[in-house]
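*Asks:* Kindly return the folded structure for what I paste below:
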Amino acid sequence: MKVKILFEDNHIIVVVKPPGILSQAGPLDIDDMLTILKKYIKEKYQKPGNVYLGLVHRLDLNVGGVMVFAKTSKAAKRLNEQMKSHLISKDYFAVVLGEMKVNQRMVVLENHIKKDKKNKLAIITDSDKDQYAKLAYQVLESIKDRDQNLSLVDIHLETGRFHQIRAQFSHIGFPIYGDNKYGPKTRGYEMGLYSYRLSFTHPVTKESLTFMDYPSKGIFSDFRMLGNKVVDYD
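*Replies:* Here you go, the predicted model:
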């Protein structure tokens, strides 16, 4: 499998994960980014023995987008510290079911989430004892497509909780397109969620880095606004 690499040095590697690929190996017999990238590094640099590669964050199986991996344990530790401190910024495009009103300002969603480990679900609760979840979103476009109303949403993730985006949008009545777990059951595995922007501080050089990759296939290709979208979060 050919990997789309956005950046690589001695400390980190930033790539685009395609939908349908796991972030790391699991019980399913499916390709995963960690194994693919270890093989790539081993072959490119002719490294003997095992290759170290640290997983900093995950994307769900059917979610594509930008990911960073650490090539050294020092880089992994520092990036994990940034992740825990919410210093790694992540932005997503989502296609949701339903007609949402196009807006010029970001709208904030705040909830508390409890993880149902048995059923692998995120449940929205009213208890402040559960994890606090926050995101901001802007509706870019609403269309009638494939005999249903769909809306394109730009999401800035404030907290990275388990299935946060999927659970929060389902909770307000606009589940992610193709999300069989939080929305209506559908055929196929395409999900309308894509991590298009990732910003963080380089773990060694301390340089502020931002990487972007826009989705261009599947349900995302039906929206005209996608290529023209510009939002300033500063």
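*Asks:* Buried residues in the longest strand seen in the chain, which are they?
*Replies:* When the chain is scanned for its longest strand (criterion: DSSP state E), the result is strand 131-145. Using 16 or more other C-beta atoms under 10 Å as the test for burial, strand 131-145 gives 131, 133, 134, 135, 136, 137, 138, 139, 140, 141, 142, 143. Yep, even glycine has a C-beta here, placed from its N, CA and C like the rest.
*Asks:* out of these, who's nearest residue 27?
*Replies:* Minimum separation from residue 27 among these (C-beta to C-beta) is found for residue 131, which lies at 25.0 Å.
*Asks:* mind checking how far the closest one is from residue 75?
*Replies:* The gap separating residue 131 from residue 75 is 27 Å, by C-beta to C-beta, to the nearest Å.
*Asks:* Residue 93 falls within a strand, correct?
*Replies:* Yes. Counting by DSSP: H, G, I helix; E, B strand; the rest coil, residue 93 is part of a strand.
*Asks:* Tell me what the residue lying closest to it once chain neighbours are set aside is bridged to.
*Replies:* For residue 93, ignoring the flanking residues on the chain, the nearest one in space by C-beta to C-beta, 6 or more residues apart in numbering is residue 194 at 4.9 Å. Taking DSSP bridges, one obtains residue 64, residue 93 as the residues bridged to residue 194.
*Asks:* For residue 194, the count of nearby residues, please.
*Replies:* The criterion is other C-beta atoms under 10 Å. On that basis, residue 194 has 27 neighbouring residues.
*Asks:* now do residue 216
*Replies:* There are 10 residues near residue 216, going by other C-beta under 10 Å.
*Asks:* One more: the one 4 residues further on?
*Replies:* Other residues near residue 220 come to 21 when the count uses other C-beta under 10 Å.
*Asks:* List the contacts of it.
*Replies:* The neighbourhood of residue 220, defined by C-beta atoms under 8 Å, 6 or more residues apart in numbering, consists of 93, 95, 152, 192, 194, 226.
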